[in-house]
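Enquirer: return a 3D structure for these sequence lines:
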Amino acid sequence: MENCFNEKESFEFAAKYPDVPSELSLRVYTTRLLGGNSRLVLHGGGNTSVKLKLKNILGEENDVIFVKGTGWDMASIEPEGFTGLYLEPLRKLRGLDDLSSREMENQVKICRIFADAPAPSVEALLHAFIPRKYVEHTHSDSILIISNQKYGESMVKEAMCEKIAVLPYIASGFPLAKATAAAFDRNPDIDGIVIMNHGIFTFAEDVRESYKKMIAYINQAEAYIERQIKGKTLLTRRKDLQVPANAGSAMARCVQVIRGACAGCGIDGKQERLYTEIRNAPDIIEISLSEPAMEICRSGMLTPHHAILAKHAMAYIASVPQDDESLKAVINREIASFKSGYDRLFYESSEPENTDRKKKQSGNPSLFFIAGLGLVAAGATRKAAGMAADIGEHNIRAKIRAFALGKYQAVSDAHIFDIYRNMSKKKTGVSASLQGQVAVLVGCGVTGAGIAKSLLAAGAAAVICDSDKSFPEKAYFESAGAYHKNDIKILVSDVTDAEAAEKAVEEISLGFGGIDTLILNSEHAGSLLKSHEYKSFSALLRAAIPVFERQGTGGNIIAVGSEETLRRQISEIAEINPEDLGIRVNSILIQEKENTADDRAVKKEILGEHIGNAAVFFAGGLTPTRHAIVPL
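Expert: Below you'll find the model as predicted:
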């Protein structure tokens, strides 16, 4: 791993923040260097700190520590992502024999320099107790491959020099902070500490030296792994497994079934839909067909932080039947088995008073490893699914090397489920009305951008489809500035053609997991009120129906157009009997001014946002409305 510290670059970086102490700006610089390498940290994992002197509003100089704030990603952190804390009160806490997590959190909050600063890392006390100016902490893949072994402690000592202390796994918080401080007391000359099944800390008085030590010791670990596994066969393919025929179609069917099977498991009983993210690099597919694939799924995650974002294990799907009912049976069986194990571990590791089901996360898997197809991650948001997928990929690749190195042994499930409960207690907020939904707008036209913005504002992922690419491109660029680009997809296709419709539905499913709301906008070009071109949506409807069937979660079909086009659309929709699948059908009528009986009813131009708002109402399901017409 390359040491990326550049002195000139560091000075230029510090100059960008003239109002920030130079020690903190340099801390931000090296934190980004660490965070930019996914082999070191992923999605909010890891933390860093710096100790310095700072004057308060009265001009009194105090020892303070700036620690990375919870939720900030090290790859893109800014100075405000670090929480300043008065150091002396924190150090005094070391004299206590015990400190509950709740009281620790309270004491840290009391010590904040700025009341509106983010909550500091749960390892803030650890950083405070280590008597060095700069401290770094990562979840290095190489360190975890070695420490997650049955004889990991001796292997870490063999791989590292005597200037690295090794501690058993201890949950982050006061006990870990006390243990690391004691390790430092026993040997003040150490450069760092490895926490088994967790990661590595390094520290120094100089920012460059502290960062350099992190890279150097990780390289030592990597060199050790390479020496030990050299010449070993990492993968042996199972003879009974193979890549399914027509892999793209097979994966599309799988994600549709997974989405449906994992829906409806919200803590409050409300139906919650998920998005999926696919990872199918050649090596991932090859590993999915290998002998250790099932063990990769069943063995624990590399580090507890990964388990927080992607559960403690994965589900393994060894076969992909060609008929839908058999596929549903296979996937539902694996989910049921996973949930049974999850629930058992949750309650076995809980105190009786802490087993409230309302505080428990969904027991569904976040990761599915499918033989011959790759990895599928499911998440409540596109971001959550992407983070889980990244973690799954790292674990799969790292575990292959860990298995070759020795006997892989992750942290116990009891520790993981203790973390789950603490995270569940802190979970707050209400999700957007369409969160988890995939809304497909077909027929973009001049109103597409406004419709897409309404869908995105309500929390949906929006697919904008039109045969004329200029309209969806315009809609994309108008929407992408306000919403995450991963939540928007352009699809240039004439879905009135049967083959094109099939390909479009497959592409949407591979990108998002399926379809929940289908908006059929008869307006294709020109003025909304003057264009009366009509094309049949029959091909698209017939292509989409199997998706709704595999998901089994109902959905919405919303027709948009003039009175004449709506009559045709409703007739086509009726032919496929969508309501047998729990799909609600509603319409938005676009009225021309000269055709309205009451001129007072039309006082301004109909905008895409108006159509979008009506679509959000229907898709939100706040009322069990069907066969309704909203006139605009």
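Enquirer: who touches the residue most central in space within the chain in this structure?
Expert: Taking Cα atoms, centre = their mean, the centroid of the chain lies closest to residue 384, which sits 2.0 Å from it. Each residue near residue 384 by Cβ atoms under 8 Å, 6 or more residues apart in numbering is listed here: 275, 309. (Glycine included, C-beta is placed from N, CA and C.)
Enquirer: now do 7 Å
Expert: If a contact means Cβ atoms under 7 Å, 6 or more residues apart in numbering, then residue 384 has no contacts.
Enquirer: what comes up buried for the helix or strand where it lies?
Expert: Secondary structure from DSSP states H and E places residue 384 in helix 382-405. Across helix 382-405, burial judged by 16 or more other Cβ atoms under 10 Å covers 382, 384-405.
Enquirer: from residue 50, how far out is residue 133?
Expert: Distance, residue 133 to residue 50, using Cβ to Cβ, to the nearest Å: 6 Å.
Enquirer: which of the two has more neighbours?
Expert: residue 50 (25 against 19; other Cβ atoms under 10 Å).
Enquirer: that one against residue 22, yeah?
Expert: No - applying Cβ atoms under 7 Å as the test, residue 50 and residue 22 come out as separate, 10.2 Å apart.
Enquirer: could you look up the SS state of residue 411?
Expert: coil (DSSP: H, G, I helix; E, B strand; the rest coil).
Enquirer: again, but for residue 286
Expert: Under three-state DSSP, residue 286 comes out as helix.
Enquirer: and it, how far is that from residue 152?
Expert: Separation of residue 286 from residue 152 (Cβ to Cβ) stands at 27 Å.
Enquirer: residues contacting the closest residue to residue 44 other than its chain neighbours?
Expert: Spatial nearest neighbour of residue 44, excluding adjacent residues (Cβ to Cβ, 6 or more residues apart in numbering): residue 73 at 5.6 Å. Going by Cβ under 7 Å, 6+ apart, residue 73 touches 35, 43, 44.
Enquirer: JSON lines for those residues, including distance to residue 568 and neighbour count?
Expert: Output for the contacts of residue 73, formatted as JSON lines (distance: Cβ to Cβ, whole Å; neighbours: other Cβ atoms under 10 Å):
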{"residue": "35", "distance to residue 568": "55", "neighbour count": "24"}
{"residue": "43", "distance to residue 568": "48", "neighbour count": "22"}
{"residue": "44", "distance to residue 568": "51", "neighbour count": "20"}
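Enquirer: tell me which of these is nearest to residue 473?
Expert: Closest approach between the contacts of residue 73 and residue 473, by Cβ to Cβ: residue 43, at 30.5 Å.
Enquirer: my guess is that closest one meets residue 387, correct?
Expert: Yes - assessed by Cβ under 7 Å, residue 43 is found in contact with residue 387 at 4.5 Å.
Enquirer: find the residues that touch each one of these two.
Expert: Contact with both residue 43 and residue 387 is made by residues residue 309, according to Cβ under 7 Å, 6+ apart.
Enquirer: okay, now residue 155: neighbour count?
Expert: Around residue 155 there are 21 other residues, counting by other Cβ under 10 Å.
Enquirer: same check on residue 231?
Expert: Applying other Cβ under 10 Å, I find that residue 231 has 5 neighbouring residues.
Enquirer: that one looks like it's in a strand, true?
Expert: No - per three-state DSSP, residue 231 lies outside any strand segment and is coil.
Enquirer: helices and strands of the protein: which one bottoms out on pLDDT?
Expert: Taking mean pLDDT, DSSP states H and E as the measure, the chain has helix 413-426 as its least confident helix or strand, at a mean of 69.
Enquirer: would you tell me what the next helix or strand after that helix is?
Expert: Downstream of helix 413-426, the next assigned helix or strand under DSSP H and E is strand 438-442.
Enquirer: number of residues surrounding residue 45?
Expert: By other Cβ under 10 Å, 21 other residues sit near residue 45.
Enquirer: ok, it touching residue 139?
Expert: Yes - counting by Cβ under 7 Å, residue 45 touches residue 139, with 5.0 Å between them.
Enquirer: which neighbours do these two share?
Expert: residue 305.
Enquirer: roughly how far apart are residue 559 and residue 614?
Expert: 11 Å.
Enquirer: residue contacts, residue 556?
Expert: Taking Cβ under 7 Å, 6+ apart, we find residue 556 in contact with 516, 517, 583, 584, 618, 619.
Enquirer: for these, give me TSV that also has secondary structure.
Expert: What follows is those, written out as TSV (three-state DSSP):
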residue	secondary structure
516	coil
517	strand
583	strand
584	strand
618	helix
619	helix
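Enquirer: closest one to residue 124 out of those, please.
Expert: Closest approach to residue 124 among those (Cβ to Cβ): residue 516, at 41.6 Å.
Enquirer: surely that closest one and residue 554 touch.
Expert: No - applying Cβ under 7 Å as the test, residue 516 and residue 554 come out as separate, 8.3 Å apart.
Enquirer: domain ranges for the protein?
Expert: 7-229, 247-426, 438-631 (automatic domain parsing).
Enquirer: select, out of the ones you listed, the one closest to residue 236.
Expert: domain 247-426 (4.8 Å).
Enquirer: secondary structure element for residue 450?
Expert: For residue 450, the host element (DSSP H and E) is helix 448-457.
Enquirer: what's downstream of that helix, the next helix or strand?
Expert: Criterion used, DSSP H and E; the element after helix 448-457 is strand 461-466.
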